[in-house]
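Student: One predicted model, sequence on top.
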Amino acid sequence: MSNLILFSVLFLFLFSLFFVTFKSFMAQFYIRKKLKKELKNYRAQIQQAKGYNSLLFEIYKRIYEQVIYDRNRLLIRNRRQFERQVNNELKRMTKNPFTRFYSKSVATIKGLSAFVFFLASLLFGAIVVDEYKASSLTLPTVNPEIKLQVSGNIEDGFKQLVSTILSSNELKSFELPDIQAEDIVPIYPTQDAPASTASAAQLGPAIAGNMRNLEAQFTIQYEGNIQNFDEDLENAYEYLKENEPYFWAIMSDFSTRAIGNERAVELQATISYDLTAEQNALVLGKIKQVTQSLSAGLTDAEKVKFVNDYLVSQTKYNAQSAVNPHTPYAILFHGEGVCEGYALAAYLMLEELGVEAKYVVGDAGGPHAWNLVKVDNAWYHLDTTWNDPLPDQGKNIRYDYFLISDKTIAKNHQWDTTLYPATATEDYL
């Protein structure tokens, strides 16, 4: 909203400059055109009257009277001002070559200035339209067909604008790294996954170990309480949701088959993922190299800002990405994707930077995903997707959904509050 107000003011200012300059240019253009026509008609008489100032004066007087008599009332309404302009322009056009050049130059500069102001007003007008669409009408969700109506008023917008201006220097700005895909060193997980478990508490971590390696098929020998195996398996799923949000999110299908006897159960699992092991290795490699570009000694808030700035500036919201838009691979290597990809990429980057974070699934006019981050011992919401203007505006980065409280984000986001920690009562900035 703050950007919308700022760009609206700039648009109105530039359009006003264009209107004033264009009107002045058209008035001068009209006067010069009329004077040129009359001077051409009287050219022979002017040549004959050279050296006779009184005769020249009479000729120029007739030209002057002819021009002011034929005034365009739509273009020039003030008659006295028009007469003064005609008189001054006639003097410049007839006095000497320098004044003629000056008159022509002034008209040219006015015309070029009007053209520049017009282009600038068009540019900022287009930005205003984009800001309006992004902040007030359509906000990105998993489903691009869903539109969300957001209420707002000028007072709130003004407060946000003031807040943005006052807080713009509170956190460090970053020179964001530009790392090419061919320079990425992939990182393949090398965690050992146990082939057997002796208790229900070990089942979830055992499955997680295989998922971290993006194993498509694996077998685990379960030697716990066989009578409660179904319940233990459900608890293992809950463990994965809570402790392995990234791998749980990129899992597109999970099927199991249990074969057992009175002493043990062989759990045969088949999992399909939204990205390949090679793509996942590239994601982890790029995140490591991107985060290594940061200098030491940054606060957690500055690290979060870096993550927000990097993802917003490098990404365009697009549900029709060339690869699966729900993955961080689409975000980091194709520069496009949807909220799930944004939030998962943010989660991995924050994890790499040592900032405690959570992956949040909820609703914002449609299924939506964002993050919770812990800064200065308090939790805050971070929605990098909604900080990215729609349509895309390149390096234009927002902070409307940067380190905000439950109260603020609840205006247009819903989630199961029992699954996630409560935030600070006030926004961070």
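Tutor: Looks like it arrived, so ask away. Residues are numbered from 1 along each chain as shown.
Student: Torsion angles phi and psi at the closest residue to Val304 other than its chain neighbours?
Tutor: Sequence neighbours aside, Val373 is the residue nearest to Val304 in space, at 5.4 Å (criterion: Cβ to Cβ, 6 or more residues apart in numbering). Just so you know, the C-beta spots here come from the backbone N, C-alpha and C atoms, and that holds for glycine as well. Here is the backbone geometry of Val373 (degrees, to the nearest 10): phi -130, psi 150.
Student: burial of Val373, as a residue count?
Tutor: Neighbours of Val373 under the rule other Cβ atoms under 10 Å: 26.
Student: In contact with it, which residues?
Tutor: Residues in contact with Val373 (Cβ atoms under 8 Å, 6 or more residues apart in numbering) are Asp300, Val304, Leu350, Val355, Glu356, Ala357, Lys358, Trp379, Tyr380, His381, Leu382, Leu403.
Student: Any stretches of this protein with poor pLDDT?
Tutor: 1-3, 70-78, 130-172, 174, 262 (pLDDT under 70).
Student: Which positions in the helix ranked longest in it come out as buried?
Tutor: Longest helix in the chain, counting residues (DSSP state H): helix 2-41. Residues 2-8, 10-11, 14-15, 17-18, 21-22, 24-28, 30-32, 34-35, 38-39 are the ones in helix 2-41 that count as buried (16 or more other Cβ atoms under 10 Å).
Student: next SSE after it?
Tutor: Counting by DSSP states H and E, the next helix or strand C-terminal to helix 2-41 is helix 43-48.
Student: Quick check: nearest residue in space to Val307, chain neighbours excluded?
Tutor: In this structure, Val307 finds its nearest non-sequential neighbour in Met349, 4.7 Å apart by Cβ to Cβ, 6+ apart.
Student: typed the wrong thing, it's Leu14
Tutor: Ser121 (4.2 Å).
Student: residue contacts, the one you found?
Tutor: Phe11, Leu14, Phe15, Phe18.
Student: quick one: secondary structure of Arg263?
Tutor: Under the three-state scheme (DSSP: H, G, I helix; E, B strand; the rest coil), Arg263 adopts coil.
Student: how much space is there between it and Glu223?
Tutor: 7 Å (Cβ to Cβ, to the nearest Å).
Student: between these two, which one's more packed in?
Tutor: Legend: neighbour count by other Cβ under 10 Å for Arg263 and Glu223, higher for Glu223 (14 against 7).
Student: Just checking, which helix or strand succeeds whichever helix or strand Asn371 is part of along the chain?
Tutor: Assessed by DSSP H and E, Asn371 sits inside strand 367-375. Per DSSP H and E, strand 367-375 leads on to strand 378-382 as the next helix or strand towards the C-terminus.
Student: quick one: the residue nearest to Phe11 when sequence neighbours are not counted and Phe247, what's the gap?
Tutor: Nearest residue to Phe11, sequence neighbours excluded (Cβ to Cβ, 6+ apart): Phe124, at 4.1 Å. Separation of Phe124 from Phe247 (Cβ to Cβ): 45 Å.
Student: just to revisit the earlier point, and the residue nearest to Val307, how far is that from Ala319?
Tutor: 22 Å.
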